[in-house]
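> Sequence and predicted structure, then a few things I'm wondering about:
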Amino acid sequence: MNLVFGWGEFFSLSCALGWAFAVILFRKSGETLPAFELNLIKNAIGVALMLPTAILLGGAIPDYGLNGWFLVIGSGVLGIAVADYWYLRALNLLGAGRTAISASLYAPFVILLSMVFLGESLGGYQWLGFVFVLGGILLVSWHKHQTEVTAQDLKKGVAFAVGAVFLMALGVIMVKQILETEDFYWTVYWRLAAGLGGLLIFTSLRHGWPKVRENIRKPQPWLLIAGGSFLGSYLSMMLWLAGYKLTNATTAAMLNETAGAFIVLLAWLFLKEPLGKRKLMGLCLTAIGVLFVLNG
(Lines give C-alpha, C1' and ligand atoms only; values in the text may rest on other atoms or scores of the structure.)
Protein backbone atom coordinates (compact mmCIF):
# COMPACT_ATOMS: atom_id res chain seq x y z
CA MET A 1 0.00 0.00 0.00
CA ASN A 2 1.50 3.32 -1.11
CA LEU A 3 0.40 5.94 1.42
CA VAL A 4 0.01 9.54 0.26
CA PHE A 5 0.33 12.00 3.15
CA GLY A 6 0.84 15.54 1.91
CA TRP A 7 0.11 18.87 3.55
CA GLY A 8 -3.56 18.73 2.53
CA GLU A 9 -4.05 15.40 4.27
CA PHE A 10 -2.09 16.63 7.30
CA PHE A 11 -4.21 19.78 7.61
CA SER A 12 -7.47 17.82 7.23
CA LEU A 13 -6.57 15.39 10.01
CA SER A 14 -5.23 18.24 12.18
CA CYS A 15 -8.52 20.06 11.67
CA ALA A 16 -10.43 17.01 12.91
CA LEU A 17 -8.23 16.80 16.01
CA GLY A 18 -8.43 20.55 16.69
CA TRP A 19 -12.21 20.54 16.31
CA ALA A 20 -12.44 17.55 18.67
CA PHE A 21 -10.56 19.48 21.37
CA ALA A 22 -12.86 22.46 20.74
CA VAL A 23 -15.95 20.27 21.16
CA ILE A 24 -14.68 19.02 24.53
CA LEU A 25 -14.32 22.64 25.69
CA PHE A 26 -17.72 23.56 24.21
CA ARG A 27 -19.35 20.66 26.05
CA LYS A 28 -18.16 22.07 29.35
CA SER A 29 -19.03 25.68 28.54
CA GLY A 30 -22.35 24.62 27.00
CA GLU A 31 -23.54 23.55 30.44
CA THR A 32 -24.24 27.21 31.26
CA LEU A 33 -24.29 29.08 27.92
CA PRO A 34 -27.06 28.17 25.42
CA ALA A 35 -25.98 26.81 22.05
CA PHE A 36 -27.07 29.81 19.96
CA GLU A 37 -25.18 32.34 22.09
CA LEU A 38 -22.16 30.02 22.15
CA ASN A 39 -22.22 29.76 18.37
CA LEU A 40 -22.54 33.53 17.99
CA ILE A 41 -19.65 34.22 20.36
CA LYS A 42 -17.31 31.62 18.86
CA ASN A 43 -17.83 33.02 15.36
CA ALA A 44 -17.31 36.60 16.60
CA ILE A 45 -14.02 35.55 18.22
CA GLY A 46 -13.03 33.74 15.03
CA VAL A 47 -13.61 36.87 12.94
CA ALA A 48 -11.77 39.07 15.47
CA LEU A 49 -8.72 36.77 15.32
CA MET A 50 -8.83 36.22 11.57
CA LEU A 51 -8.75 39.91 10.60
CA PRO A 52 -5.27 40.68 12.04
CA THR A 53 -4.07 37.32 10.72
CA ALA A 54 -5.16 38.27 7.20
CA ILE A 55 -3.60 41.73 7.52
CA LEU A 56 -0.26 40.35 8.77
CA LEU A 57 0.05 37.17 6.70
CA GLY A 58 -2.17 37.77 3.70
CA GLY A 59 -1.45 39.80 0.62
CA ALA A 60 -3.65 42.46 -0.87
CA ILE A 61 -7.40 42.05 -0.48
CA PRO A 62 -8.36 39.88 -3.47
CA ASP A 63 -10.50 41.26 -6.27
CA TYR A 64 -12.74 38.23 -6.58
CA GLY A 65 -15.02 39.78 -9.17
CA LEU A 66 -18.79 39.69 -8.92
CA ASN A 67 -19.08 35.90 -9.20
CA GLY A 68 -16.21 35.36 -6.76
CA TRP A 69 -17.69 37.63 -4.10
CA PHE A 70 -21.04 35.89 -4.56
CA LEU A 71 -19.38 32.50 -3.94
CA VAL A 72 -17.33 33.62 -0.92
CA ILE A 73 -20.18 35.46 0.80
CA GLY A 74 -22.73 32.83 -0.17
CA SER A 75 -20.44 30.12 1.19
CA GLY A 76 -20.20 31.90 4.53
CA VAL A 77 -23.92 32.63 4.85
CA LEU A 78 -25.03 29.14 3.79
CA GLY A 79 -22.18 27.10 5.29
CA ILE A 80 -21.91 28.95 8.61
CA ALA A 81 -24.98 31.07 9.41
CA VAL A 82 -27.82 28.96 7.98
CA ALA A 83 -26.12 25.57 8.46
CA ASP A 84 -25.20 26.33 12.08
CA TYR A 85 -28.75 27.40 12.88
CA TRP A 86 -30.27 24.32 11.25
CA TYR A 87 -27.76 22.09 13.05
CA LEU A 88 -28.66 23.61 16.41
CA ARG A 89 -32.37 23.16 15.64
CA ALA A 90 -31.69 19.51 14.87
CA LEU A 91 -29.74 19.16 18.11
CA ASN A 92 -32.70 20.50 20.09
CA LEU A 93 -35.20 18.23 18.31
CA LEU A 94 -33.19 15.00 18.03
CA GLY A 95 -30.58 15.08 20.77
CA ALA A 96 -26.84 14.66 20.33
CA GLY A 97 -26.80 10.99 19.30
CA ARG A 98 -29.21 11.14 16.37
CA THR A 99 -27.79 14.48 15.21
CA ALA A 100 -24.25 13.06 15.17
CA ILE A 101 -25.43 10.12 13.07
CA SER A 102 -27.13 12.47 10.61
CA ALA A 103 -23.93 14.55 10.44
CA SER A 104 -22.13 11.50 9.02
CA LEU A 105 -23.77 12.43 5.71
CA TYR A 106 -21.26 15.30 5.37
CA ALA A 107 -18.60 13.25 3.57
CA PRO A 108 -21.07 11.60 1.14
CA PHE A 109 -22.46 15.04 0.26
CA VAL A 110 -18.96 16.45 -0.36
CA ILE A 111 -18.04 13.44 -2.49
CA LEU A 112 -21.21 13.78 -4.56
CA LEU A 113 -20.85 17.54 -5.04
CA SER A 114 -17.13 17.18 -5.86
CA MET A 115 -17.88 14.64 -8.55
CA VAL A 116 -20.61 16.83 -10.06
CA PHE A 117 -18.96 20.26 -9.88
CA LEU A 118 -15.21 19.60 -9.57
CA GLY A 119 -14.83 16.43 -11.62
CA GLU A 120 -13.15 14.56 -8.75
CA SER A 121 -13.33 10.81 -8.23
CA LEU A 122 -12.25 8.20 -5.68
CA GLY A 123 -9.89 5.29 -6.20
CA GLY A 124 -10.76 1.75 -5.15
CA TYR A 125 -8.88 1.92 -1.86
CA GLN A 126 -10.45 5.29 -1.08
CA TRP A 127 -13.97 3.92 -1.56
CA LEU A 128 -13.09 1.13 0.85
CA GLY A 129 -11.63 3.66 3.27
CA PHE A 130 -14.81 5.73 3.03
CA VAL A 131 -16.89 2.70 4.04
CA PHE A 132 -14.61 2.00 7.02
CA VAL A 133 -14.52 5.64 8.18
CA LEU A 134 -18.29 6.06 7.88
CA GLY A 135 -18.91 2.73 9.63
CA GLY A 136 -16.55 3.68 12.44
CA ILE A 137 -18.19 7.07 12.97
CA LEU A 138 -21.64 5.48 13.05
CA LEU A 139 -20.44 3.03 15.70
CA VAL A 140 -18.98 5.69 17.98
CA SER A 141 -22.00 8.01 17.47
CA TRP A 142 -24.80 5.51 18.01
CA HIS A 143 -26.46 5.47 21.42
CA LYS A 144 -28.47 2.36 22.27
CA HIS A 145 -30.84 4.26 24.54
CA GLN A 146 -31.76 7.32 22.52
CA THR A 147 -33.98 9.98 24.05
CA GLU A 148 -37.51 9.42 22.76
CA VAL A 149 -38.84 12.07 20.42
CA THR A 150 -42.21 12.49 18.76
CA ALA A 151 -42.67 11.45 15.12
CA GLN A 152 -43.12 15.10 14.13
CA ASP A 153 -39.93 16.21 15.89
CA LEU A 154 -38.06 13.27 14.37
CA LYS A 155 -39.07 14.28 10.83
CA LYS A 156 -38.30 17.96 11.41
CA GLY A 157 -35.04 17.20 13.20
CA VAL A 158 -33.76 14.87 10.47
CA ALA A 159 -34.71 17.44 7.82
CA PHE A 160 -32.79 20.18 9.68
CA ALA A 161 -29.77 17.90 10.26
CA VAL A 162 -29.56 16.68 6.66
CA GLY A 163 -30.08 20.23 5.36
CA ALA A 164 -27.35 21.53 7.67
CA VAL A 165 -24.66 19.07 6.59
CA PHE A 166 -25.62 19.53 2.94
CA LEU A 167 -25.14 23.30 3.23
CA MET A 168 -21.81 22.78 5.02
CA ALA A 169 -20.67 20.57 2.15
CA LEU A 170 -22.01 22.97 -0.48
CA GLY A 171 -20.35 25.93 1.24
CA VAL A 172 -16.86 24.44 1.07
CA ILE A 173 -17.28 23.21 -2.52
CA MET A 174 -18.35 26.75 -3.51
CA VAL A 175 -14.99 28.21 -2.42
CA LYS A 176 -12.55 25.37 -3.19
CA GLN A 177 -11.36 26.79 -6.50
CA ILE A 178 -11.16 30.29 -5.02
CA LEU A 179 -9.01 28.95 -2.18
CA GLU A 180 -6.65 27.49 -4.78
CA THR A 181 -6.25 30.73 -6.73
CA GLU A 182 -6.78 33.66 -4.35
CA ASP A 183 -5.20 34.76 -1.07
CA PHE A 184 -5.99 32.10 1.51
CA TYR A 185 -6.16 34.22 4.67
CA TRP A 186 -8.43 36.89 3.23
CA THR A 187 -10.74 34.26 1.75
CA VAL A 188 -11.05 32.57 5.15
CA TYR A 189 -11.72 35.96 6.77
CA TRP A 190 -14.42 37.09 4.34
CA ARG A 191 -16.14 33.72 4.55
CA LEU A 192 -16.16 33.88 8.37
CA ALA A 193 -17.29 37.51 8.32
CA ALA A 194 -20.16 36.66 5.97
CA GLY A 195 -21.23 33.84 8.28
CA LEU A 196 -21.12 36.10 11.32
CA GLY A 197 -23.01 38.81 9.43
CA GLY A 198 -25.74 36.32 8.60
CA LEU A 199 -26.03 35.33 12.27
CA LEU A 200 -26.24 38.99 13.36
CA ILE A 201 -28.96 39.73 10.81
CA PHE A 202 -30.85 36.59 11.82
CA THR A 203 -30.69 37.58 15.51
CA SER A 204 -31.98 41.07 14.70
CA LEU A 205 -34.85 39.79 12.55
CA ARG A 206 -35.95 37.48 15.36
CA HIS A 207 -35.57 40.28 17.96
CA GLY A 208 -33.26 37.98 19.88
CA TRP A 209 -30.80 40.49 21.31
CA PRO A 210 -32.45 40.86 24.76
CA LYS A 211 -32.23 37.09 25.29
CA VAL A 212 -28.63 37.01 24.03
CA ARG A 213 -27.59 39.84 26.39
CA GLU A 214 -29.36 38.16 29.30
CA ASN A 215 -27.50 34.88 28.79
CA ILE A 216 -24.13 36.51 28.21
CA ARG A 217 -24.39 38.58 31.41
CA LYS A 218 -24.75 35.46 33.52
CA PRO A 219 -21.54 33.98 35.03
CA GLN A 220 -19.88 31.93 32.29
CA PRO A 221 -16.65 29.90 31.97
CA TRP A 222 -15.15 32.49 29.63
CA LEU A 223 -11.72 30.84 29.57
CA LEU A 224 -13.23 27.61 28.23
CA ILE A 225 -15.38 29.54 25.75
CA ALA A 226 -12.37 31.53 24.52
CA GLY A 227 -10.23 28.39 24.21
CA GLY A 228 -12.93 26.50 22.35
CA SER A 229 -13.55 29.46 20.05
CA PHE A 230 -9.83 29.80 19.26
CA LEU A 231 -9.60 26.11 18.37
CA GLY A 232 -13.01 25.77 16.71
CA SER A 233 -13.62 28.99 14.79
CA TYR A 234 -10.06 30.16 14.17
CA LEU A 235 -7.44 27.41 14.09
CA SER A 236 -9.68 24.57 12.91
CA MET A 237 -11.34 26.81 10.32
CA MET A 238 -7.97 27.61 8.75
CA LEU A 239 -6.84 23.97 8.90
CA TRP A 240 -10.17 22.84 7.43
CA LEU A 241 -10.00 25.16 4.43
CA ALA A 242 -6.25 24.60 4.00
CA GLY A 243 -6.98 20.89 3.65
CA TYR A 244 -9.49 21.61 0.87
CA LYS A 245 -7.03 23.98 -0.79
CA LEU A 246 -4.19 21.45 -0.91
CA THR A 247 -5.91 18.12 -1.58
CA ASN A 248 -9.02 16.75 -3.26
CA ALA A 249 -12.28 17.75 -1.57
CA THR A 250 -13.30 14.08 -1.38
CA THR A 251 -10.14 13.13 0.53
CA ALA A 252 -10.38 16.15 2.84
CA ALA A 253 -14.02 15.40 3.67
CA MET A 254 -13.34 11.79 4.61
CA LEU A 255 -10.41 12.76 6.82
CA ASN A 256 -12.55 15.48 8.46
CA GLU A 257 -15.03 12.76 9.46
CA THR A 258 -12.45 11.38 11.90
CA ALA A 259 -13.36 14.26 14.23
CA GLY A 260 -16.13 12.05 15.63
CA ALA A 261 -13.61 9.39 16.60
CA PHE A 262 -11.25 11.96 18.12
CA ILE A 263 -14.13 13.41 20.16
CA VAL A 264 -14.95 10.00 21.62
CA LEU A 265 -11.31 9.39 22.51
CA LEU A 266 -10.80 12.82 24.08
CA ALA A 267 -14.09 12.59 25.98
CA TRP A 268 -12.80 9.34 27.50
CA LEU A 269 -9.45 10.92 28.39
CA PHE A 270 -10.63 14.29 29.76
CA LEU A 271 -14.33 13.95 30.58
CA LYS A 272 -14.14 10.36 31.88
CA GLU A 273 -16.90 9.24 29.52
CA PRO A 274 -17.08 5.43 29.14
CA LEU A 275 -15.27 3.80 26.23
CA GLY A 276 -16.98 0.47 25.57
CA LYS A 277 -16.26 -2.28 23.07
CA ARG A 278 -18.52 -0.76 20.42
CA LYS A 279 -16.73 2.59 20.55
CA LEU A 280 -13.34 0.89 20.50
CA MET A 281 -14.38 -1.04 17.41
CA GLY A 282 -15.53 2.21 15.83
CA LEU A 283 -12.17 3.85 16.56
CA CYS A 284 -10.35 0.90 14.99
CA LEU A 285 -12.55 0.96 11.88
CA THR A 286 -11.98 4.70 11.52
CA ALA A 287 -8.19 4.29 11.79
CA ILE A 288 -8.21 1.52 9.17
CA GLY A 289 -10.37 3.68 6.93
CA VAL A 290 -7.91 6.58 7.18
CA LEU A 291 -5.11 4.30 6.01
CA PHE A 292 -7.13 3.29 2.96
CA VAL A 293 -8.10 6.91 2.24
CA LEU A 294 -4.42 7.91 2.31
CA ASN A 295 -3.61 5.16 -0.17
CA GLY A 296 -3.89 7.52 -3.12
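It's in.
> In the stretch 151-296 of the chain, mark out all the helices, start to finish.
151-181, 184-205, 209-217, 222-229, 236-246, 249-256, 259-270, 277-293 (DSSP state H, counting those that start in this stretch).
> Would you indicate which residues of the longest one are buried?
Of the residues in helix 151-181, 156-158, 160-176, 178-179 count as buried by neighbour count, 16 or more other CB atoms under 10 Å. Placement of C-beta: from N, CA and C, glycine included.
> excluding its backbone neighbours, what's nearest Trp7?
Counting by CB to CB, 6 or more residues apart in numbering, Trp7 lies nearest to Leu246, which is 5.0 Å off, once chain neighbours are set aside.
> Quick check: the one you found touching Gly8?
Yes - with contact defined as CB atoms under 8 Å, Leu246 counts as touching Gly8 (3.3 Å).
> picking that back up, would you enumerate the residues in contact with the residue nearest to Trp7?
6-8, 11 (CB atoms under 8 Å, 6 or more residues apart in numbering).
> swap in Gly228?
By CB under 8 Å, 6+ apart, the contact set of Gly228 is 22-23, 25-26, 29, 42.
> For whichever strand or helix holds Gly8, name the packing helices and strands.
Gly8 is part of helix 7-29 when elements are defined by DSSP states H and E. On a contact count with 3 or more CB pairs under 8 Å, 6 or more residues apart in numbering; DSSP states H and E, helix 7-29 meets helix 35-57, helix 222-229, helix 236-246, helix 249-256, helix 259-270.
> how about these, which one is nearest Phe132?
helix 249-256 (9.7 Å; CB to CB).
> follow-up on the earlier one: what are the buried residues along the helix holding Gly8?
So, applying 16+ other CB under 10 Å, buried residues of helix 7-29: 8-27, 29.
> same question, stretch 119-139
Neighbour count says stretch 119-139 has 120, 122, 125-126, 128-130, 132-137, 139 buried, by 16+ other CB under 10 Å.
> of all those residues, which two lie farthest apart?
Farthest pair in these (CB to CB) is Glu120 and Leu139. Separation: 27.1 Å.
> sorry, back to before: mark which of the buried residues of stretch 119-139 are part of helices, please.
Using DSSP state H, 125-126, 128-130, 132-137, 139 are the members of these that sit in helices.
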